[in-house]
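Asker: My questions concern the predicted model and sequence given below.
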Amino acid sequence: MNIHDFHAGICNHIRHEIFDTITAVVRSNEGCNVRFVEVGANDGSSGHDPVFPYVKVHNWEGVLVEPVPYLFKRLKENYPTDSKVQFVQACCGSEEGIFPFYEVDESAEAIIPRAITFDLYEPSF
């Protein structure tokens, strides 16, 4: 098994765990308002954001946190203007302070595959 297959397997496992958790939340809170915080929201595109379709369909309320400036800009552009989300451009950590933060330059995005890609669907419940 090469590193790419190994990485894809881990990403697939993570993706299924996230969807299972979100599905359980939706089913157990039907008719209720769901509130969330997504740290590392990326660009919010439906192909990479497990929360996006639920905000769109179920009008979830929440906070989207993304530190990278060009991704934060896209995040705000990709979410519906009538959604009940707040956008925060910040980093989160276990303690307060200034720490090194590494990011992929926007110009390199085309040649670097994304770590996790979600094959999202429109929720039917």
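Answerer: Sure, I can see it.
Asker: Residue 89 against residue 70, yeah?
Answerer: No: contact between residue 89 and residue 70 fails when scored by Cβ atoms under 8 Å: they sit 11.0 Å apart. For glycine as for every other residue, the C-beta is placed from the backbone atoms N, C-alpha and C.
Asker: if I look at the two, which residues touch both of them?
Answerer: Common neighbours of residue 89 and residue 70, counting by Cβ atoms under 8 Å, 6 or more residues apart in numbering, are absent.
Asker: Which residue ranges of this structure form strands?
Answerer: Along the chain, counting by DSSP state E, strands occupy 35-39, 61-65, 84-88.
Asker: shaky segments in this protein?
Answerer: 1-16, 19, 26, 29-32, 46-48, 109-125 (pLDDT under 70).
Asker: Helices of the protein, start to end?
Answerer: For the chain, the helices defined by DSSP state H occupy 3-28, 52-58, 69-78.
Asker: Using CSV, write out the CA atom coordinates for the last one.
Answerer: Output of helix 69-78 as CSV, limited to C-alpha atoms (Å, rounded to 0.1, in the frame of the first residue of the first chain):
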residue,chain,number,x,y,z
PRO,A,69,-7.2,34.9,4.4
TYR,A,70,-8.0,33.7,0.9
LEU,A,71,-10.0,30.7,2.2
PHE,A,72,-11.9,33.0,4.6
LYS,A,73,-12.8,35.3,1.7
ARG,A,74,-14.1,32.3,-0.3
LEU,A,75,-15.9,30.9,2.8
LYS,A,76,-18.0,34.1,3.1
GLU,A,77,-18.7,34.1,-0.7
ASN,A,78,-19.8,30.5,-0.8
